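Asks: Return a 3D structure for these sequence lines:
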Amino acid sequence: MLLLLLLVLLLAGTRLLWAQWKLRTLNLPPLAPGFLHLLQPNLPIHLLRLSRKMGPIYRLHYGLRNVVVLNSKQSIEEAMLRKWVDFAGRPQMQSSKLVCQSYPDLSLGDYSVLWKAHKKLTRSALLLGARNSMELWVQQLTQEFCQRLRAQAGAPVDIHREFLLLTCGIICGLTFGNKSDTLVRSICSCVQDLMNAWNHWSIQILDMVPFLRFLPNPGIQRLKQMVEVRDLIVGQQLRQHKDSLVAGQWRDLLDYMLQGVEQPGKEQGSEQLQEGHVHMSVVDLFIGGTETTATTLSWAVAFLLHHPEIQRRLQEELDLELGPDSFTSRLLYKDRKQLPLLNATIAEVLRLRPVVPLALPHRTIRPSRIAGYDIPRDTVIIPNIQGANLDETLWERPHEFWPDRFLPLGKSPHELSFGCGARVCLGESLARLELFVVLTHLLQAFTLLPLEGALPSLQPQPYSGINLLVQPFQVRLQPRGLGAPCRGQCQ
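Replies: Numbers count the residues shown, from 1 in each chain. The predicted structure follows:
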């Protein structure tokens with residue numbers, strides 16, 4: 001075993017030196033010294049600090065390879081918007097292969113003609129398949145959510161857990177046409193267990209040192225078990241929908257995507273979408289549409305607990321627009337500009353705490369250039385979204401929670417929390433709709449109060465995976481009685 005390990009290290013070192021030799025004539029971004037950068041507890045902020053010494057574009061050692069980090073809005077948009085074709089690939093990481101298994105994934109899949117068809121199908125399902133039901137469904141479930149919370153008024157509430165169940169219920173309803181409590185809770189639990197297993201250091205280290213996958217690793221077995229549970233739940237829903245499918249009609253997103261998949265044998269010899277693509281589209285909707293939105297809502301509550309004056313102004317804006325005694329009044333999302341402070345607050349939360357602060361890694365599919373630097377083919381690119389959102393050359397008082405920076409609407413640059421270009425988050429429109437509707441309902445119905453004067457931490461959990469998670473906290477919800485003004489606790 002020791003000899004095998006030494007041989008692998010020798011081969012890897014030789015390969016690394018040969019790769020560096022081939023690049024000797026290129027004008028590469030500067031290389032930051034050190035090998036342990038990616039072990040930093042607050043990695044996005046650490047990468048941003050490095051940019052003050054190295055510039056907005058630099059390289060880092062990532063195990064046995066170098067990666068290029070983009071830390072400015074300008075460099076990210078140059079790569080992902082203006083030269084998107086060059087940077088549209090995905091590196092095939094060991095952790096991604098474990099999560100995808102035998103199914104072709106959309107979020108983690110590499111760029112290809114088939115991937116483009118997969119993206120088009122999923123995007124069409126979100127834009128067309130749920131066009132008439134999406135907002136109605138979000139409004140209905142959010143109203144039920146607030147009614148449940150009223151039963152807990154005054155008691156400590158694990159608000160993040162409640163947001164998880166709400167967002168999972170929304171995705172369940174839109175995707176499966178089913179919001180049963182049993183299904184919602186089982187999927188919610190599955191998503192959390194899967195993300196915990198995926199983000200564990202024993203899995204993440206495989207991306208840095210791939211040959212470690214050949215050594216005993218309980219984390220791999222745990223992740224495979226969670227993937228099996230995931231696929232069992234999705235597979236059951238697929239079978240039920242196929243058995244009751246009516247041609248030309250769709251009840252939910254799954255019906256729409258199943259009918260959008262070409263039947264095998266129509267084009268012999270050519271690649272075409274299969275049922276497995278639909279399977280992974282459903283997985284992406286749950287992975288990307290539950291924890292991320294729930295976490296952003298939790299960050300919004302945490303910031304408002306720290307800034308009761310902003311909460312008071314938001315409630316005054318809602319009362320002025322919808323009426324202080326009309327807690328059943330609803331504002332359509334298309335009319336959201338009538339609540340400018342709420343929109344500005346959402347933008348500020350997304351700017352300060354993008355849930356996926358380093359996005360997902362990209363890969364160059366052909367040689368390119370950024371800001372004068374050569375970027376070879378097959379280079380792994382890390383867009384530091386949080387770093388770009390905190391760029392001192394772009395944002396005034398960048399680390400401060402200050403929603404008024406976005407007033408009037410359109411005054412400040414657009415934050416990059418959902419990415420941009422070909423790999424932009426397909427669920428962005430749904431996520432923004434949910435943030436608007438849920439915060440509107442929540443602030444109409446309740447005044448948010450800290451638990452026994454203990455404010456939640458605004459420091460994220462140590463970054464060790466994909467999401468920028470809020471530290472656990474509880475909140476008290478004080479119902480806003482009909483016509484009652486905001487009491488002294490929110491002063």
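Asks: What is the three-state secondary structure of Glu392?
Replies: Per DSSP: H, G, I helix; E, B strand; the rest coil, the local secondary structure of Glu392 is coil.
Asks: So it versus Pro398, what's the distance?
Replies: 6 Å (C-beta to C-beta, to the nearest Å). Placement of C-beta: from N, CA and C, glycine included.
Asks: More neighbours: which of these two?
Replies: Pro398 (16 against 11; other C-beta atoms under 10 Å).
Asks: List the contacts of the closest residue to that one other than its chain neighbours.
Replies: Spatial nearest neighbour of Pro398, chain neighbours left out: Leu390 (4.5 Å); criterion: C-beta to C-beta, 6 or more residues apart in numbering. Shown in contact with Leu390 (C-beta atoms under 8 Å, 6 or more residues apart in numbering): Ile45, Leu48, Leu352, Pro398, His399.
Asks: In this structure the second one contacts Ile385, no?
Replies: Spelled out, that is Leu48. No - assessed by C-beta atoms under 8 Å, Leu48 is found out of contact with Ile385, at 10.6 Å.
Asks: and Asn217, how many residues sit next to it?
Replies: 16.
Asks: tell me the contacts of the closest residue to it other than its chain neighbours?
Replies: Counting by C-beta to C-beta, 6+ apart, Ser202 is the residue found nearest to Asn217 once chain neighbours are left out, at 5.6 Å. By C-beta under 8 Å, 6+ apart, Ser202 lies in contact with Asn217, Pro218, Gly219, Ile220.
Asks: Just the buried residues of these.
Replies: Asn217, Gly219, Ile220 (16 or more other C-beta atoms under 10 Å).
Asks: For Ser417, give its distance to Arg405.
Replies: When Ser417 is compared with Arg405 (using C-beta to C-beta), they lie 15 Å apart.
Asks: repeat for Gln236
Replies: The value you get for Gln236 to Arg405, if C-beta to C-beta is used, is 47 Å.
Asks: Over to Met226?
Replies: For Met226, the distance to Arg405 - C-beta to C-beta - is 40 Å.
Asks: more neighbours, those two?
Replies: Taking neighbours as other C-beta under 10 Å, Met226 and Arg405 compare with Met226 leading, 21 against 18.
Asks: burial of the closest residue to the more buried one other than its chain neighbours, as a residue count?
Replies: What sits nearest to Met226 in space, not counting adjacent residues and going by C-beta to C-beta, 6+ apart, is Leu194, at 4.3 Å. Leu194 has 22 neighbours, counted by other C-beta under 10 Å.
Asks: Which pLDDT value belongs to Leu194?
Replies: At Leu194, the pLDDT value in this model is 93.
Asks: got a markdown table for the buried ones among the contacts of Ser202, with distance to Asn132 and pLDDT too?
Replies: Conversion of the buried ones among the contacts of Ser202 to a markdown table gives the following (distance: C-beta to C-beta, whole Å; pLDDT from 0 to 100):
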| residue | distance to Asn132 | pLDDT |
| --- | --- | --- |
| Asn217 | 47 | 89 |
| Gly219 | 43 | 90 |
| Ile220 | 43 | 92 |
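Asks: Closest one of the residues you listed to Gln143?
Replies: Gly219 (40.9 Å; C-beta to C-beta).
Asks: from memory the closest one sits against His200, does it?
Replies: Yes - assessed by C-beta under 8 Å, Gly219 is found in contact with His200 at 5.1 Å.
Asks: ok, Gly248 - how many residues close by?
Replies: Neighbours around Gly248, by other C-beta under 10 Å: 6.
Asks: ok but it is inside a strand, no?
Replies: No - per three-state DSSP, Gly248 lies outside any strand segment and is coil.
Asks: tell me the average confidence for stretch 289-297?
Replies: 94.
Asks: Not counting its own residues, what contacts it?
Replies: Here stretch 289-297 makes contact (C-beta under 8 Å, 6+ apart) with 159-160, 163-164, 166-168, 170-171, 187-188, 191-192, 195, 349-350, 353, 355-356, 427, 430-431, 434-435, 438-439, 467-470.
Asks: again, only this time at 7 Å
Replies: Stretch 289-297 is contacted from outside by 160, 163-164, 167-168, 171, 188, 191, 195, 349-350, 355-356, 427, 430-431, 434-435, 438, 467, 469-470, using C-beta atoms under 7 Å, 6 or more residues apart in numbering.
Asks: Report the distance from the one helix or strand Ala302 maps to to the chain centre.
Replies: In this structure, Ala302 is located in helix 291-306 according to DSSP states H and E. Its chain's C-alpha centre lies 14 Å from the corresponding centre of helix 291-306 when counted by C-alpha atoms, centre = their mean, to the nearest Å.
Asks: At which residues are the strands of this protein located?
Replies: Counting by DSSP state E, the chain has these strands, from start to end: 57-62, 65-70, 362-363, 368-370, 373-375, 380-383, 446-450, 475-479.
Asks: Now do the contacts for Met80.
Replies: The contact partners of Met80, by C-beta under 7 Å, 6+ apart, come to Phe87, Pro383, Gly419, Cys420, Gly421, Arg423.
Asks: Most neighbours among these, which one is it?
Replies: Among those, the one with the most neighbours (other C-beta under 10 Å) is Pro383, at 31 neighbours.
Asks: Who is that residue paired with across the strands?
Replies: Leu70 (DSSP bridges).
Asks: Correct me if wrong: it contacts Leu360.
Replies: No - look at Pro383 against Leu360 with C-beta atoms under 7 Å: they stay out of range, at 8.9 Å.
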